[in-house]
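Visitor: Sequence below, structure please.
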Amino acid sequence: MKTREKLIRDRHFDKLGCANRSGDILSPKQHPEGDGGRMPPVRWGAAPLIPLCCWFACTLAVLAAQTGLCQETDPAAIARAFESLQSFDWGSDRGPIDTLDRIVLASHGDAELQKALEPRLIAVVAGKASQAAKGIACRQLSFIGTAESVPALAALLTDAQLSHMGRYALQRMPCDEAGQAIRDAVAKTDGKLKIGLINSLGERRDAANLPLLSGLLADQDPAAVSAAAAALGKIGSSDAAEVLTEALGKVAEDTRPAVADACLVCAERLLANKQKAEAVALYRKLAAAELPKHLKLAATRGMLAAMQ
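Guide: Predicted coordinates for the structure are as follows:
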């Protein structure tokens, strides 16, 4: 049973009456604590103050974070972070690396700070730092790197231990030089390194990669053929669709399903780009091709869905 004190505190009153917990409006006469002509005083608890306290705490947190970022982007703090990065290895204290992460985060929208950070990161990649330190520098260059970073990153693409980190940075960089560096490295590698580079070309979805990827559909390595087909599917243009459908009847039987799967991906890209007629035509060609049943069904379903 609630006490009189608790009942009064839990209710909010206005000019017409009061609202109980269910939201019903009560007149002064109906209110159990009223005297028929006078409204009882409103007694405020701590609940209304909670939103204000939360707002105040969040404001303080934001101000503290901004103050911390300003301190960390101080030239002396940046120098300390890079000094630690040069000697960093797996198992070392990650405190300075976390500081570097925050510095790069703070450089968002600050061209001057990014211009100051990029040469330092390039020096780590091109220098004698550990594999772990170079990997961290590559990750940061994927956010702020420009064409200036490409030569140092390109040198990693043929390194069995660091190729994946060089690719990670280059495939995210929008400059044309990054895409050209990956294309140039394809001819210098084989096996898993080559497959990785082909995958990165697909992730970039750059039409400039079409000639190289088209040629790779005739590669002697079935894995390279499958990777090239998948990359063409991710590009998802009309030209890519034409190359894939032509290759569908030429590639070896063991790689044909991979090419067909790439065609399905390409058709989805075409639909996403509002190229419905091209997508339907690609689905129709797949449905009529000599393919495993599940691929023909997928093509038929895609065609029917696109025509609705």
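Visitor: how many neighbours does A223 have?
Guide: For A223, the neighbour count with other C-beta atoms under 10 Å is 15. Bear in mind the C-beta positions are built from the backbone N, C-alpha and C, glycine included.
Visitor: change the start of the numbering to 551 and stick with it
Guide: With the count now opening at 551, the last piece we talked about shows up as A773.
Visitor: tell me what the helix or strand where it lies is packed against?
Guide: A773 belongs to helix 772-785 when assigned by DSSP states H and E. Applying 3 or more C-beta pairs under 8 Å, 6 or more residues apart in numbering; DSSP states H and E, we find helix 772-785 packed against helix 741-754, helix 760-766, helix 788-798, helix 806-822.
Visitor: Mean neighbour count, these: which tops it?
Guide: Of all the helices and strands packed on helix 772-785, helix 806-822 carries the top mean neighbour count, a mean of 22, counting by mean count of other C-beta atoms under 10 Å.
Visitor: Let me know the angle separating it from helix 788-798.
Guide: Counting by axes from the mean of the first three to the mean of the last three C-alpha atoms, to 10 degrees, helix 806-822 lies at 160 degrees to helix 788-798.
Visitor: CA atoms of the next helix or strand along the chain from helix 806-822 as PDB?
Guide: Of the helices and strands lying after helix 806-822 in sequence (DSSP H and E), the nearest is helix 826-838. Extracted C-alpha coordinates of helix 826-838, given in PDB (Å, rounded to 0.1, in the frame of the first residue of the first chain):
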ATOM      1  CA  LYS A 826      17.000  -3.800 -65.500                       C
ATOM      2  CA  ALA A 827      17.100  -4.700 -69.200                       C
ATOM      3  CA  GLU A 828      20.800  -5.800 -69.000                       C
ATOM      4  CA  ALA A 829      20.200  -7.700 -65.800                       C
ATOM      5  CA  VAL A 830      17.200  -9.600 -67.300                       C
ATOM      6  CA  ALA A 831      19.200 -10.400 -70.400                       C
ATOM      7  CA  LEU A 832      22.100 -11.800 -68.300                       C
ATOM      8  CA  TYR A 833      19.700 -13.900 -66.200                       C
ATOM      9  CA  ARG A 834      18.100 -15.300 -69.400                       C
ATOM     10  CA  LYS A 835      21.500 -16.400 -70.800                       C
ATOM     11  CA  LEU A 836      22.300 -18.100 -67.600                       C
ATOM     12  CA  ALA A 837      19.000 -19.900 -67.400                       C
ATOM     13  CA  ALA A 838      19.600 -21.300 -71.000                       C
END
